[in-house]
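Asker: can you look at this prediction? I've put the sequence above it.
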Amino acid sequence: MADTAFQHAADRPWIFRTYAGHSTAQKSNALYRKNLSKGQTGLSIAFDLPTQTAYDSDHILARGEVGKVGVPVGHLGDMRTLFAELPLEEMNTSMTINAPAAWLLSLYVALADERGDDRAKLRGTTQNDIIKEYLSRGTYVFPPQPSMRLISDMVSWCYTEVPKWNPLNVCSYHLQEAGATPEQELAYALATACAVLDAVKAGGQVPEEDFSIVFGRISFFVNAGVRFVTELCKMRAFVDLWEEIGKERYGVTDTKALRFRYGVQVNSLGLTEPQPENNVYRILIEALAVTLSKRARCRALQLPAWNEALGLPRPWDQQWSLRMQQILAYETDLLEYEDLFDGSHVVDGKTTQLKDMAREELSKIDQMGGAVEAVGYMKESLVGAHIDRIKGIESGDLKVVGVNAYTQTEESPLGAGNDAIQTVDPMVERQQVEALKSWRAKRDNGAVETALAALKEAAVSGTNIMEPSIAAAKAGVTSGEWGTALREVFGEYRGPTGVAVSIETGGDEAIEKTKARVDALSERMGRRLTYVLGKPGLDGHSNGAEQIAARARACGMDVVYDGIRFTPAEIVAQAKAANAHVIGLSILSGSHLDLVRETLAQMQQAGMESVPLVVGGIIPYEDEQALRQMGVRRVYTPKDFMITDIMDDVVDVVEARWLQDA
């Protein structure tokens, strides 16, 4: 007979999500309905990069990006299609959207109003964390202060109008992806939450007696890496520190409001391209870190697919990850017991250590004036931490099975052939652009102009942006028009790159050897080897580009890297001005074929067709061959993790070109 002394009534499981969306609103809707029928209990919507950066599908920067990493939502019509046959009042919808979060929530609310749904019953989350966009993910639009104003407006509006909606999901997830240590992840996320709450207080839209309600609606989106004990203790530290901040900084006493409410996507940074089947084990271990400890258990969990390091996962791959959650929640007895780790001196000790280190980092940020003012410091710290992580993998001190340890492998039967990953039909972009033009032609353009004028007036006057945005959505305004209107008022912004933090070799033998080669070749060529590194299009995931730029400088190259979001023409212009010996492109959004083709055309127009072009990104093998046929000299993918070897290879490419011309 089973011992039930420590058992209690089973807890409800967390919300099961998969992060999904691609091609078109219609295809994404079909995917959502299929996933929900398989037992998924919440939606997690991935938007494409033009939508995430408030551009329409026909903008020049959107070329090649439409429908690639998520679903394009350009107007209320797309939102209708996306949620067709899905009951909004019953859904729990998470939207990964940041700079235009106010706009996408406005489209969602406008759709609910149109259907006659009760706003008070809408449940879900908008990510809406702009600080981490400056630090790691890159889909920012406006400068920091106007961005914080938009977030403050949403927070202040939501708690009365859509009281079950979480207007802000503070993201430590992307910080870990950018190389954050556990204490940095804790401190930078909590500092961001404090910056938003301080902005809400300063905005004066929330009465003091309601502030605890607002505090209680702030949620977090957290990463769980493979170091199980550390990650579990990190989550317990988050719980303690958030309660401490609520009580001591904001005077919150309501126990329910003080709860640390968080969802999780486990670590995608650690997913490997070599032996990708090993990722299944990594994902499970990471899921355990955020579910085993009841006191620090997540509210929602979305798991990546085993093959996401290769490309867009198929429906079957997503189903496999969903089944992992369901087995954990329904087949094991995990939810039947109190916290398994209370009283553990190991867990208590590690949790205390992490809290102390995070408090120290929080104090530094406070002394700088808060998270907004400390963006430059935090960015440089993250790049530095990521440099240390990469060096650990290169040296073998940080073992990654299948990458730098136990690399011998049998051929996997899981991902062979042309259907190994989901692909997006190249015609999707043209069809989306045509549909967008049709939408503009059929709407009342007078109503659109009136709505846009009211939106800009609200932006200028300081009036809460939400109701004018909802009115604009109902009038037929597009995502790009909303973004353009606010760009005209707030301006645009280019965040810090953080790559100046480390140009020293640190005595590394391989770096010193490559540096000597760079010095010798530079002397022979009569000037310093110049490398122009660009991120074309809207892909904001700059971690790889930052590491390449920092290592190239450490190897003695002159490096031009100005950050994200440039057109191919702008990158070629930078290369021409710098008289570049080599141009490198970093593209992780799946748009490499379109953007490389355009870059090569621009190079030919500029008379730079003889300059070697190298490309790095998440690029399937078949596309590697296509890029080489176009004339790309080298293609680097996640399997090429030895960055100094890449630098040495770039020297080979430049030397071969110089000898050909000599």
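Answerer: Cool, got the structure. Numbering: from 1, shown residues only.
Asker: nearest residue to Val654 in space, please, no chain neighbours.
Answerer: Once flanking residues are discounted, Val654 sits nearest to His581: 4.7 Å by CB to CB, 6 or more residues apart in numbering. Glycine gets a C-beta too; all of them are placed from N, C-alpha and C.
Asker: that neighbour: what's it in contact with?
Answerer: When contacts are counted by CB atoms under 8 Å, 6 or more residues apart in numbering, His581 touches 525, 529-531, 611-612, 654, 657-658.
Asker: distance of it from Gly343?
Answerer: To Gly343, His581 is 62 Å away according to CB to CB, to the nearest Å.
Asker: in the lengthiest helix in the chain, what counts as buried?
Answerer: The longest helix of the chain (DSSP state H) is helix 345-368. Using 16 or more other CB atoms under 10 Å as the test for burial, helix 345-368 gives 347, 350-351, 354-355, 357-359, 361-362, 365, 368.
Asker: ok, these vs Gly544, which is closest?
Answerer: Ranked by distance to Gly544 (CB to CB), these are led by Glu361 at 25.0 Å.
Asker: which pair in the buried residues of helix 345-368 spans the largest distance?
Answerer: Farthest pair in these, by CB to CB: Val347 and Met368, 32.0 Å.
Asker: quick check, nearest of the contacts of His581 to Thr637?
Answerer: Pro612 (18.1 Å).
Asker: now the closest one: how far from Ile583?
Answerer: 7 Å.
Asker: what about the two, which has more around it?
Answerer: A side-by-side neighbour count of Pro612 and Ile583, using other CB atoms under 10 Å, places Ile583 first with 26 against 19.
Asker: return the distance of the helix or strand hosting that one from the chain's centre.
Answerer: Assigned by DSSP states H and E, Ile583 belongs to strand 582-587. Centroid separation for strand 582-587 versus its chain: 21 Å, with CA atoms, centre = their mean, to the nearest Å.
Asker: contacts for it next, please.
Answerer: 529-537, 539, 542, 544-545, 548, 571-572, 575, 592, 595-596, 599, 603, 608, 611-617, 619, 650, 653-654, 657.
Asker: just the buried residues of whichever helix or strand comes after that strand, please?
Answerer: Downstream of strand 582-587, the next assigned helix or strand under DSSP H and E is helix 592-605. Of the residues in helix 592-605, 592-596, 598-600, 602-603 count as buried by neighbour count, 16+ other CB under 10 Å.
Asker: try stretch 149-168
Answerer: For stretch 149-168, the buried set under the neighbour-count rule, 16+ other CB under 10 Å, comprises 149-159, 162, 165-168.
Asker: list the contacts of Gly39.
Answerer: 16, 322, 326.
Asker: all the strands of the stretch 1-150 of the chain, residue numbers only.
Answerer: 15-17, 19-20, 43-46, 92-96, 123-126 (DSSP state E, counting those that start in this stretch).
Asker: by mean pLDDT, show me the worst of these.
Answerer: Of all the strands of the stretch 1-150 of the chain, strand 19-20 carries the lowest average pLDDT, namely a mean of 80.
Asker: and the contacts of that one?
Answerer: So strand 19-20 is contacted by 28, 31-32, 35, 44-46, 96, 265, 302, 304, 318 (CB under 8 Å, 6+ apart).
Asker: could the residues you listed be laid out in CSV, adding neighbour count?
Answerer: CSV is the format used below for these (neighbours: other CB atoms under 10 Å):
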residue, neighbour count
Ser28, 26
Leu31, 19
Tyr32, 25
Asn35, 22
Ser44, 27
Ile45, 24
Ala46, 19
Thr96, 25
Gln265, 24
Gln302, 25
Pro304, 23
Gln318, 24
